[in-house]
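> structure here, sequence nowhere to be found:
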């Protein structure tokens, strides 16, 4: 049985190999592609190659390889260590006052980064591709698959429902919500998550549920 330290010493590629989710040729190709795109993480490349998102995320969490958002922004050259420390200190102060604010939002509000860079970092952290929903129309039938009230509460848009796979767009992902969806809402389905900007998600909901947003009365 692997201990916590044994797991943490293993790379994402090694874990996926041991679980027979990829073969050596696929790993070699992914590593080769990563050299050409150094800004991309291995998990992102493997997902683009067709390895299930859920399995990659399980391996990341199993080996404690999921990189914190702040470190991702530093790796990308978006912020420096001093800016991260200042933001973390402010986050702690707010928490003591009973206010929780995501680190990325704080960094944006403090002017250390912009929302576009934050979204890209969030995409890497959760291993979720970014999707542009401008002009996208919500399907009421697809929303019923997850439940209209549940979808509105968590700002979820169902993008596709085919065979054993369902694709969902989230604006504010968190591991607890994603795990709840996988285990409780769709326990027998493969769930693929996509990251959308809150403004895109809100626009889609407004068009769907606010008749005036469609300019029908002009």
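Looks like it arrived, so ask away. What you see is a predicted model, and the numbers here were worked out from it, not measured in a lab.
> which parts of this protein are strands?
All strands of the chain, identified by DSSP state E, fall at 156-162, 165-170, 190-195.
> among those, which is nearest residue 29?
Set against residue 29 and scored by Cβ to Cβ, the strands of the chain come closest in strand 190-195, at 21.5 Å. Just so you know, the C-beta spots here come from the backbone N, C-alpha and C atoms, and that holds for glycine as well.
> distance from the chain centre to that closest one, please.
For strand 190-195, the distance between its averaged C-alpha position and the chain's averaged C-alpha position is 8 Å (Cα atoms, centre = their mean, to the nearest Å).
> then stretch 83-102?
Once both centres are worked out by Cα atoms, centre = their mean, stretch 83-102 turns out to sit 22 Å from its chain's centre.
> and it, what's buried?
Across stretch 83-102, burial judged by 16 or more other Cβ atoms under 10 Å covers 83, 84, 86, 87, 90, 91.
> with stretch 31-46 instead?
33, 34, 41, 42, 43, 44, 45, 46.
> now do the longest helix anywhere in the chain: which elements does it pack against?
In the chain, ranked by residue count with DSSP state H as the criterion, the top helix is helix 81-96. Helices and strands in packing contact with helix 81-96 are listed as helix 69-75, helix 103-109; criterion 3 or more Cβ pairs under 8 Å, 6 or more residues apart in numbering; DSSP states H and E.
> list the buried residues for the first one?
Buried residues in helix 69-75, defined by neighbour count with 16+ other Cβ under 10 Å: 69, 70, 72, 73, 74.
> redo the residues you listed as CSV? Include distance to residue 17 and pLDDT.
Conversion of those to CSV gives the following (distance: Cβ to Cβ, whole Å; pLDDT from 0 to 100):
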residue, distance to residue 17, pLDDT
69, 27, 95
70, 29, 96
72, 24, 96
73, 30, 97
74, 29, 97
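> for the residues you listed, which one is nearest residue 202?
Residue 202 has its nearest neighbour among the buried residues of helix 69-75 in residue 69, at 22.2 Å by Cβ to Cβ.
> just give the nearest non-adjacent residue to residue 45, would you?
residue 30 (4.8 Å; Cβ to Cβ, 6 or more residues apart in numbering).
> do I have it right that that neighbour meets residue 43?
No - here residue 30 does not reach residue 43: they are 9.4 Å apart, not a contact under Cβ atoms under 8 Å.
> how about stretch 101-115: buried residues?
Applying 16+ other Cβ under 10 Å to stretch 101-115 flags 103, 104, 106, 107, 108, 112, 113 as buried.
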